[in-house]
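Participant: One predicted model, sequence on top.
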Amino acid sequence: MNQADTAWMLVSTALVLLMTPALAFFYGGLVRSKNALNTMMMSFISLGFVGLLWAIIGYSLAFAPGNNYLGDLSRVFLRGVGLEAQGTIPHYLFMAYQGTFCIITAALISGAIVERMRFSAYLVFIVLWALFVYSPVAHWVWGGGWLADMGALDFAGGTVVHVNAGVAALVAAMVVGKRRDYPSSSLLPHNVPFTLLGAGLLWFGWFGFNAGSALGATPIAGLAFVTTFLAPMGTLAIWTLLDYTRGGKLTAVGAATAIVVGLVAVTPAAGFVGPMSAIALGAIAAVPSYLALVWRAKTSLDDSLDVVAAHGVGGTVGALLTGVFAQKALNGVADGVLFGNPAQLGIQATAVAVTIVYSGLVSFILLKAIGLILPLRASADDEAVGLDISNHGEEAYVHGEASNSISHTGAGKAVPALRSELA
């Protein structure tokens, strides 16, 4: 047990937990005001239900001894998890740190189905998804599973978190369907400062996400901290140039998105690449994610907040480039293509492909199964009024008599009144 490592991991766990509220602000600012609270709640609710699932069974499936594909049930209800050392930190702390990853990964999916998915169906989906998708994939990569045995490099979650969530988001957007008024010029962000605040807080928390994945106050943690510091800068610079070249303006939403893409891309590589490689990785990752975002906007796919472009494409590019820029002299694990080991790129591609297929297939099955029991879509009336009122009985902002009727007569009486006004 090492007290310095424990102190750093206490801080890192708190930083990663902060990322879920940060994601709520990032996503919440990008939707219309009538759906702001609902969108933010889709992140906040993961803190409760997914976090509890992790402690009860998810941690056991991901990190308990088992086979190459799944952990056993020996750590259900945290049996055998206590103050003993897990590496150089208390086992309880290791469990909690890993739990923060599961929580935010599930919440990431919400960006693809905001403004039209029923909250109850969404909640059931992310709980089941964390159990049947996240936990097994985490075991494959980090729990001693078959992708780890194959030599796949994923320092802090390129495949486990971002590719995994990005594919699930794509499937969810396709199964749930597009918003009834998509595409429309009225589907604009209602609070861009919220989105910038969320991006800034995400970057802050990401130091715990990446540097904390060293699981101690070690030189590798320092390396991961620096690469997390530098890579989004490269992405932001290139994204800004692309934005200006395409539209002649430098958009704030574009800048916020670029920062997140850079953070996503460096996540699998953070402790495996050098600082200059991190800048190059971030700069390269800007291009495919930007092009994917532009292309998606021209299609009928309503991935509302571009989870696929930012996390799916960004995570895939980052995972593949880890196989290019990895440097054994720094990380002591493996070299990439540029340092004489072209086979590593093939291993990375295999890990990405397997994650895409598994996450996509199981996510589709889960959504279809839930749809047999609960409606996935909000009703046309609820979607028109906004999911803040219809799902939560609250509004993000005071809008005259509608809000007064909510506060004085109750949300249930206010909704029909608002619907009649819209009609």
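Facilitator: Perfect, I can see it now.
Participant: Could you use CA atoms for every contact and neighbour count after this?
Facilitator: Will do.
Participant: what's near enough to touch residue 238?
Facilitator: Contact analysis of residue 238 by Cα atoms under 8 Å, 6 or more residues apart in numbering lists 283, 286-287.
Participant: Select from those residues every entry located in helices.
Facilitator: Secondary structure from DSSP state H places 283, 286-287 of these in helices.
Participant: Closest to residue 315 out of the contacts of residue 238?
Facilitator: Checking these against residue 315 with Cα to Cα, the nearest one is residue 286 at 11.4 Å.
Participant: wait, doesn't the closest one sit right on residue 262?
Facilitator: Yes - using Cα atoms under 8 Å, residue 286 makes contact with residue 262 at a distance of 7.2 Å.
Participant: which secondary structure element contains the residue positioned nearest the centre of the chain?
Facilitator: Taking Cα atoms, centre = their mean, the centroid of the chain lies closest to residue 108, which sits 3.5 Å from it. For residue 108, the host element (DSSP states H and E) is helix 91-108.
Participant: Flag every buried residue along the helix or strand following that helix.
Facilitator: Next along the chain after helix 91-108, taking DSSP H and E as the criterion, comes helix 119-129. Residues of helix 119-129 classed as buried by neighbour count (16 or more other Cα atoms under 10 Å): 119, 121-129.
Participant: would a markdown table of the residues you listed with pLDDT and distance to residue 64 be doable?
Facilitator: Below are the buried residues of helix 119-129 laid out as a markdown table (pLDDT from 0 to 100; distance: Cα to Cα, whole Å):
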| residue | pLDDT | distance to residue 64 |
| --- | --- | --- |
| 119 | 97 | 32 |
| 121 | 97 | 29 |
| 122 | 98 | 28 |
| 123 | 98 | 26 |
| 124 | 98 | 25 |
| 125 | 98 | 24 |
| 126 | 98 | 22 |
| 127 | 98 | 20 |
| 128 | 98 | 19 |
| 129 | 98 | 19 |
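Participant: about what we covered before: give me the common contacts of residue 286 and residue 262.
Facilitator: Common neighbours of residue 286 and residue 262 (criterion: Cα under 8 Å, 6+ apart): 235-236, 314.
Participant: one step back: could I get the pLDDT score of the residue nearest to the centre of the chain?
Facilitator: We have a pLDDT of 98 for residue 108.
Participant: Not counting its neighbours along the chain, what's nearest it?
Facilitator: residue 165 (6.3 Å; Cα to Cα, 6 or more residues apart in numbering).
Participant: so which helix or strand takes in residue 47?
Facilitator: helix 36-53.
Participant: hmm, back to that, distance check, the residue nearest to the centre of the chain against residue 27.
Facilitator: Here residue 108 is placed at a distance of 9 Å from residue 27 (Cα to Cα, to the nearest Å).
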